[in-house]
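Asks: below are the sequence and a predicted model; questions follow.
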Amino acid sequence: MNVNVLKIAALAGDGIGPEVMREAIQVLRVVEKKFNLNLQITEAPVGWAGLDAAGEALPKATLALCKASDAILFGSVGLPDRDPTVPKEKRPERAALLRLRKEFNLYANLRPVKLPAALAHVCPLRPERQGKGIDILVVRELTAGLYFGKPKKTEEVIEAQAGPHQPRRFHRAVDTMVTTTPEIERIAHVAFRAAQTRRHKVTSIDKANVLENGVLWRDVVTQVGKKYPEIALQHMFVDNGAMQLLLRPDQFDVLLCENTFGDILSDEAAALAGSLGMLPSASLGEAQGMKTFGLFEPAGGTAPDIAGKNLANPIAQILSAALMLHYSFGLDDAANAIHQAVAKVIDAGYRTGDIYTAAEPKARKVSTTEMGAAIAAAL
Ligand code: IPM
Ligand code: MG
């Protein structure tokens, strides 16, 4: 056995999280044998599971486990309809997920969106609109911008009225968009470096016609781009970018976005690739030599409507595990083996409900566990 122990914190979370995490761990165990690795996978509660177990969305023991690990494999958190008495600052989205991103300085979110040829028919675009195919890497800034800017608050406003009228009372919500030059520089470098290994094109998304943040973003990305003369850089306003994704998605290679814009456009791009259930993501901090600490999670959510029914597509979680092997452990052969196994199973016609259509002759409708087992077997 390989002496090099790789420590993985597995935080399944809520909704479909535990179901898809089980399949990803099963696949990792097969990879471990096949490539003679030593994976130490420790599970811990997060999200509502953390609130239930320890009264906090990110229990102290879970955070300590993450700190002692080489990577975090994350499921999903947040059930919008659960317990409205829990205040927003303590709810899983902010108290667990955003907190982990900030705590570990995971500023670079990579979301590879690829429509497999075998799933071209589940793409909502007509075939002629799909052009040469959809293969986009969304690079989303993850620790700045509108998500983290201060002040962030809701306050009551009391406005005096003329004459005998009572003052008018209402609420004002404030979110602040703040991005600094170093924050834009580092994420721009991530995008340009990624483009070097792809089709050599970066499309940078902003709202420079309205927002100060957009003007600075465009200037800094342009400056960084000069260091990469072999990469074609294009700027696009976010509204146009949203439209272009629907009209001509094959023009995009790397799509570089501010936090909020990247959140929105990555869901849109995922829909083009067939299903949110297929989209993995890597959230990375600064590289340490060849390895980078990261949090790896499906880009889709907890899907409460199908949770607990063995219906969810585990592929996004399984591909997130592959991204972990690649980025945090430098195990490219093992990561590629997972990608190939997923491709094989898709080609063979295995379909969870999100990617199933009765019109497809060789399609075989399967459950979460059947899909996971098929991928493990293909490995
Ligand atoms: C995502 C999610 C999160 C985000 C939510 C759950 C806080 O939508 O990772 O895209 O907005 O970043
Ligand atoms: Mg999102």
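Replies: That came through, no problem. Numbering: from 1, shown residues only. Ligands and ions are numbered 1, 2, ... in the order given.
Asks: residues touching the residue of the stretch 251-379 of the chain found nearest ligand 1, list them.
Replies: The nearest approach of the stretch 251-379 of the chain to ligand 1 comes at Asp263, 4.6 Å away (Cβ to the nearest ligand atom). From N, CA and C alone the C-beta is placed, and that goes for glycine too. Taking Cβ atoms under 8 Å, 6 or more residues apart in numbering as the criterion, Asp263 is in contact with Arg140.
Asks: show me which residues of the stretch 251-379 of the chain are close to ligand 1?
Replies: Proximity of the stretch 251-379 of the chain to ligand 1, by Cβ under 6 Å from any ligand atom, involves residues 263, 299.
Asks: thinking again about what came up before, read off the pLDDT value for the residue of the stretch 251-379 of the chain closest to ligand 1.
Replies: Among the per-residue scores, Asp263 shows a pLDDT of 95.
Asks: show me where the stretch 251-379 of the chain has its helices.
Replies: Secondary structure of the stretch 251-379 of the chain (DSSP state H, counting those that start in this stretch): helices located at 259-272, 315-327, 332-347, 368-378.
Asks: quick check: angle from the third one to helix 368-378?
Replies: An angle of 120 degrees separates the directions of helix 332-347 and helix 368-378 when computed by axes from the mean of the first three to the mean of the last three Cα atoms, to 10 degrees.
Asks: report the buried residues of helix 332-347.
Replies: The neighbour-count criterion (16 or more other Cβ atoms under 10 Å) identifies 334-335, 337-338, 341-342, 345-346 as the buried residues of helix 332-347.
Asks: same check, this time on the shortest one
Replies: Residues of helix 368-378 classed as buried: 368, 370-376, 378 (neighbour count, 16+ other Cβ under 10 Å).
Asks: from the residues you listed, which two are the most distant?
Replies: Maximum pairwise distance among those (Cβ to Cβ): 16.0 Å, between Thr368 and Ala378.
Asks: ok now stretch 299-317, how far from the chain's centre?
Replies: In terms of Cα atoms, centre = their mean, to the nearest Å, the centre of stretch 299-317 is found 14 Å from the chain centre.
Asks: name all residues that make contact with Ser84.
Replies: You called it Ser, but residue 84 is Pro. Per Cβ under 8 Å, 6+ apart, neighbours of Pro84: none.
Asks: could you rerun that using 10 Å?
Replies: Arg91 (Cβ atoms under 10 Å, 6 or more residues apart in numbering).
Asks: roughly how far does it sit from ligand 1?
Replies: Look at Pro84 and ligand 1: by Cβ to the nearest ligand atom, to the nearest Å, they are 17 Å apart.
Asks: give me the phi and psi angles of Tyr115.
Replies: Let me fix one detail, which is that residue 115 is Leu and not Tyr. With angles defined as degrees, to the nearest 10, Leu115 sits at phi -90, psi 110.
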